[in-house]
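Q: Structure for the following, please:
(2 chains, ligands or ions: 3)
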Amino acid sequence: MFDHVVLTCVDRFRGERTVSGIYHLLTGKRSSQTLQDAKGYELDTLFGIYPSLKRESLEKRVQPLIRDGLIQINEQSFPSITSEGARRLSSFPIQELTYFDGMVWHDVIPTFVRRVYLMLQMMANTNAGIDHYVPIVDDFGTQNWVRTVHHQFQDKLPKMVESMYEEIHHLLKEHPSLQAELFVHRLTGGGVIGMTIDQLKREFDLNIEDVELMLQHTHYYLFLESKKKKDRYPVLHLCTKGLDATHLITRSARKTYQYIQQGLSMQEIMNLRRLKKSTIQDHIVESALIIPDFSITSFLSEEDVREINKMGSQMNTKKLKQIYEALDGKYDYFELRLALAKGQHVIKEGMTQDEA
Amino acid sequence: MKHDLGSLLKENFGFSEFREGQKEVITDVLEGEDVLGILPTGTGKSLCYQLPAKILGGTTLVVSPLISLMVDQVKQLKASGYKAVTAVNSFMDQHERNAVLRNLHKYSLVYISPEMLQTDWLQNRLNRMHVNLFVIDEAHCISQWGHEFRTDYLKLHKTIENLGHPTVMALSATATPDVQRDIMEKLRLPHMKKRIYPMDKQNISFAVEECTSPEEKTDRIVQLLKKNQAPTMIYFSSRQWAEKVSFELRDRLKQRVAFYHGGMEQTDRMLVQQQFMNNQLDVICCTSAFGMGVDKKDIRIVIHFHLPPQLESFIQEVGRAGRDGGAAFSLLLFTRQDHYLPQRLIQSELPGKNDLQQVFSFLTKKQGEKVPEDDVMVERFELSESQWNFIKFQLEEEGALQDGKLIGVTPELIQEIHRFLEERWIYKHNKLNEMLKWIHASECRREALYKPFQDMIRKPTVPCCDVCDFSIGDLSFQEERQTYDTFSWEDRLKLIFKQGAGL
Ligand SMILES: Nc1ncnc2c1ncn2[C@@H]1O[C@H](COP(=O)(O)OP(=O)(O)O)[C@@H](O)[C@H]1O
Ligand SMILES: [Mg+2]
Ligand SMILES: [Zn+2]
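A: Ligands and ions are numbered 1, 2, ... in the order given. Modelled structure (predicted):
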C-alpha cells in the first residue's frame, strides 16, 4: 500500500517535485509550497495522511522502486514514473485506499482515533466486568472526554456496547480483510491487550509503513462513514462529535486575508504587519488556494488568470519557470502562482459541471 | 489515636494481612516518628505511605527518582481505584500541568521528582498546603555510597525544613549499613527509627554460567526455555541486544517473545507491559527500564544476559521473580569480555580527569560571570549530561556557583573536586568488582549475594544454588497458557466484546 501511495505521488508530480516534496505532502507540512502542491497536483487526499512517517523510511522505500524500474530519477534528482510503474499503479486494487481525505480531515483524525480506542476499551471492559485497568490512551483530553461520555450515558451503556460491536463489525465486513485484521488486532479491551506495530508487522508479514498506513486508512474509513451516517453508526458517530473539516490556512495567512477583504493594499498590509512582501504574497496565494470564493481581481484580471492557466495546461506543467518563459516574462512569479492557485478551483468547478 | 489498621487495609486495598514490616513502618509514622524502612523489593513499600496518606488526610508528598516509575505507579493506583493521586513531572503538557497544580491540594498523594521539587513556584505552592507526610522512595539515591547516587536528593533536607518538618519516611530495598547511616546524615535526621528487614529471597534458586560468546548465551537460553515454559524476563545492558536476541528467540522458540526498552514509543511500551501482565507474552527481553512499575506476581525465571554494574541492581532485578511465593530461578550468563560493559557505563557517567581540567581552566577565566547553558557546556567539552551535572553540582555544593554565577573557583576547590571525583571512580569500580567477585566466587551464591546487606541468611525453601545443591537440568516449569493471536478478526472482536458462545 505504501508503495502505491509513493507511486501515486511520483506519478502526479510528473517529475516536477523531489522525494522531499512527497515527504512534506504525506506528513502534512503547512507551508504554502506544500499546500499548493497538494492542490495543484490533485494530491490533496493524501495530504497529511502519515504524520509520523520518517524521512529515512521514505528514502529507504523509494530505493527498491527505482531498482525495480518502477520510477526513475532524472539529473535534477526528481523522480518520475516509468511505464512499468504506471502499469503497477493501475493494477492496484484502488478500493484499498479510497477513503483517504487528508486535506480536509487530517487535523481531526488523531482525536477521533484516540477517542475510538479509549471508548472501545472502556465499553468492552465495562462489559467484561473489568473495573480497574490502565487506559490505553494517555492523552489527558481524551480521557476527560471518555469520562464525560461514561457519565452522560451511564444507563445506556449496555446498549451502546452492543451497538459499538455491531457498528464496527458491520463496517469491517465491508472493508478489505487485511485492514480489518490489523485494526482489530490493534484494539485493547475486554481483557485482550492489543498488539504493537512491530508485532503486527511480524504477525502479518508486512512493512511498518504498510501497517501504519492501512490502520490509518481504516481510521479514515470509520470516521467518514460514521460521520455521514449518524443513525446507522450512533456510537462511532459520537466519537466524531465536534470534529469538523479544517480550512487549512495558517493563522498568519488568515490575518492577511482579512485585511485584504477589508480593502487594504499589499503595501498597507506590509506596513501594518511589518512583514516582508514575499511573506504577504505567500499568504495571498495560500488564501486563494484554500478559499474558493476569494476574489483576486485587485491583483489579476480574470483574463490574466485565464491566459496563465491556459498556458500551463497547454504545456502540461505546473513549473513556474517554464510558464514564465513561455509568456515572455509578462507576469511575475507571484502573479503566476496566484493565477494557478485560482485556476485550481475554476478547473474543478468546470469538471463537476461537465459531469453533471 | 489508635487505628484498626487491619480493617483499614482490607477496606482500602482489599488485602487481608500486612506483609512483613508494613505494619511497623505505618505505625511509626502515624505516631509522628520519622522512619527509615528497608524492605525488600516487591514487599509493598508503596502501601507503607499509601495507607497513612488515607488516614492522615492532607497531602502526602512522595519523592521518586524516575519519571517513568512515577507515571507507572500513578497509573496503577488509578487503575486500582485510588483516584486522588497525581505525579508532577516535566513531561506533562502545559494544560495538564496547570490543571494539576491548580488542584494540587485536592490530591491526597502527590508524586514528584526531586528536580521539580526544587522549583520556587512549587515550593511556594506546597507551603500553602498541609503536607503531613514526606516520603523519600528509593532513598539510597541520597547516599554517595548508594548505587544510584542522585545529586538532587541531597537538597531534600532543606525542603523538609521549609515545609515545617512533616513526618518523614525514607524507603529503600537495597541499602547496606553504610548507606543507611548516610541517608540519615544527609537528611539531617539522626534519630530516625530504623526498620530493617531481610532481603534474601527464600524461593529463588541461583545459577551463574560462563559462556564463550553471545551466541552461546543465546543457545543456552533456547535450550533452557525449550524445556521450561513460564513467564520469563531476560535483562540486557543495551537496547540493541534486547531487540536482537528477542528476534532470534522468537524464531527459535515456540514461546511468545517481545522486547521492551526506553526507546520505544509510549503506547507500544504500555502494550508490551500489559501483554506480559496479561499472560499474552511468555518471554520479555528488556533493559533495566522495564519492571520498575511492573508488578507481575508469577514471573518464574529471570535471566541476565549481561552483567549488571553492581550487586544492588542485580538483587532488585532478581527480586521481580516469584513474588507469589512460588519457586523461581535466576540465571546470570557472562563472557570474559562482558567485564568491560559496565566499565564503559561508568565512564559515561563520570567525567574523566582531563575533562575536569579543561572545564576548570575554562571556568576559572569566567569568574563573576554566568555559567553557559547546560547544552553549551555539554557540547563544548563533549561531556555526557550526567558528567556535566556532576561537575555543576560539585560547584554548587562547594559554594562556587550561586544563582548561576561563578564565584571563587579556587585551586583548592578544584583540587577538592578532583579528589571527590577520584573517590567516585574508585567507588564505582569497587561496586563492579564486588559483582565480578560474586560471579567468580566458589562459595554459596546466596550467602555471597546477601551477606553485605544483612547479618543472617535464611534457609531457602527451594534448592539453593548451583554451588550448593541445584542443577539447572532439574528445573521444570510447565505452565498453561491461553493464546488469542491466531484468531481471525471476527473472533477476536467477539472476544473483546464477549459476544457469542463459549468465549
Ligand atoms: N499486604 C499486602 N498483601 C498483598 N499484596 C500486597 C500487600 N502490600 C502490597 N502488596 C502488593 O505488592 C506489590 C508490590 O508493591 P510495591 O509497593 O510496588 O513493592 P516495592 O515498592 O516494595 O517493590 C503490589 O502489587 C502491591 O499491591
Ligand atoms: Mg517501590
Ligand atoms: Zn547456595
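Q: Please count neighbours and contacts with C-alpha atoms only from this point.
A: Will do.
Q: Please work out how many residues are found near B:Gly14.
A: Burial measure for B:Gly14: 10 neighbouring residues, criterion other C-alpha atoms under 10 Å in any protein chain shown.
Q: Phi, psi for it please.
A: phi 80, psi 10 (degrees, to the nearest 10).
Q: what pLDDT does it get?
A: Residue-level confidence at B:Gly14 comes out at 90, pLDDT.
Q: With B:Ser7 instead?
A: Note on B:Ser7: pLDDT of 94.
Q: same deal with B:Met169?
A: Note for B:Met169: predicted pLDDT of 98.
Q: Run through the neighbouring helices and strands of the helix or strand that it is a member of.
A: Element membership of B:Met169 [criterion: DSSP states H and E] is strand B:167-172. When contacts are defined as 3 or more C-alpha pairs under 8 Å, 6 or more residues apart in numbering or on different chains; DSSP states H and E, strand B:167-172 sits against helix B:22-30, strand B:35-38, strand B:131-136.
Q: Just checking the distance from it to the centre of its chain.
A: Computed by C-alpha atoms, centre = their mean, to the nearest Å, the separation of strand B:167-172 from the middle of its chain amounts to 16 Å.
Q: ditto for stretch A:81-97
A: That offset, for stretch A:81-97, works out to 20 Å (C-alpha atoms, centre = their mean).
Q: Show me what counts as buried in that stretch.
A: Under the neighbour-count criterion of 16 or more other C-alpha atoms under 10 Å in any protein chain shown, stretch A:81-97 has A:Ile81, A:Thr82, A:Gly85, A:Leu89, A:Glu96, A:Leu97 buried.
Q: Would you mind giving the residues you listed as JSON lines with pLDDT added?
A: Formatted as JSON lines, the buried residues of stretch A:81-97 follow (pLDDT from 0 to 100):
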{"residue": "A:Ile81", "pLDDT": "95"}
{"residue": "A:Thr82", "pLDDT": "95"}
{"residue": "A:Gly85", "pLDDT": "94"}
{"residue": "A:Leu89", "pLDDT": "91"}
{"residue": "A:Glu96", "pLDDT": "81"}
{"residue": "A:Leu97", "pLDDT": "85"}
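Q: buried stuff in the helix or strand following the strand holding B:Met169?
A: Next along the chain after strand B:167-172, taking DSSP H and E as the criterion, comes helix B:177-186. Applying a neighbour-count criterion of 16+ other C-alpha under 10 Å, one finds B:Val179, B:Gln180, B:Asp182, B:Ile183, B:Met184, B:Glu185, B:Lys186 buried in helix B:177-186.
Q: would TSV of these with distance to B:Leu271 and pLDDT be doable?
A: Formatted as TSV, the buried residues of helix B:177-186 follow (distance: C-alpha to C-alpha, whole Å; pLDDT from 0 to 100):
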residue	distance to B:Leu271	pLDDT
B:Val179	37	89
B:Gln180	37	92
B:Asp182	39	91
B:Ile183	37	93
B:Met184	40	95
B:Glu185	42	94
B:Lys186	40	93
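Q: and the residue in the stretch 251-400 of chain B that ligand 1 sits nearest to, what element?
A: Distances between the stretch 251-400 of chain B and ligand 1 by C-alpha to the nearest ligand atom are smallest at B:Asp295, namely 5.4 Å. B:Asp295 belongs to no helix or strand when assigned by DSSP H and E.
Q: since we're on it, how many residues are nearby?
A: Counted with other C-alpha under 10 Å, the neighbours of B:Asp295 add up to 15.
Q: Now do the contacts for it.
A: Applying C-alpha atoms under 8 Å, 6 or more residues apart in numbering or on different chains to B:Asp295 gives the contacts B:Gly42, B:Met277, B:Arg320.
Q: ok, now how distant is the first one from B:Ala175?
A: What that stands for is B:Gly42. Per C-alpha to C-alpha, to the nearest Å, B:Gly42 is found 15 Å from B:Ala175.
Q: could I get the helix or strand of chain B with the lowest mean pLDDT in PDB with only the CA atoms?
A: Across the helices and strands of chain B, mean pLDDT, DSSP states H and E gives its lowest value to helix B:340-349, namely a mean of 77. Taking C-alpha atoms only, helix B:340-349 is exported to PDB below (Å, rounded to 0.1, in the frame of the first residue of the first chain):
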ATOM      1  CA  TYR B 340      34.100  -4.100  30.100                       C
ATOM      2  CA  LEU B 341      30.500  -3.300  29.500                       C
ATOM      3  CA  PRO B 342      29.700  -1.900  33.000                       C
ATOM      4  CA  GLN B 343      33.100  -0.100  32.900                       C
ATOM      5  CA  ARG B 344      32.000   1.800  29.800                       C
ATOM      6  CA  LEU B 345      28.800   2.700  31.600                       C
ATOM      7  CA  ILE B 346      30.700   4.200  34.500                       C
ATOM      8  CA  GLN B 347      32.900   6.200  32.000                       C
ATOM      9  CA  SER B 348      29.800   7.800  30.500                       C
ATOM     10  CA  GLU B 349      28.500   8.800  34.000                       C
END
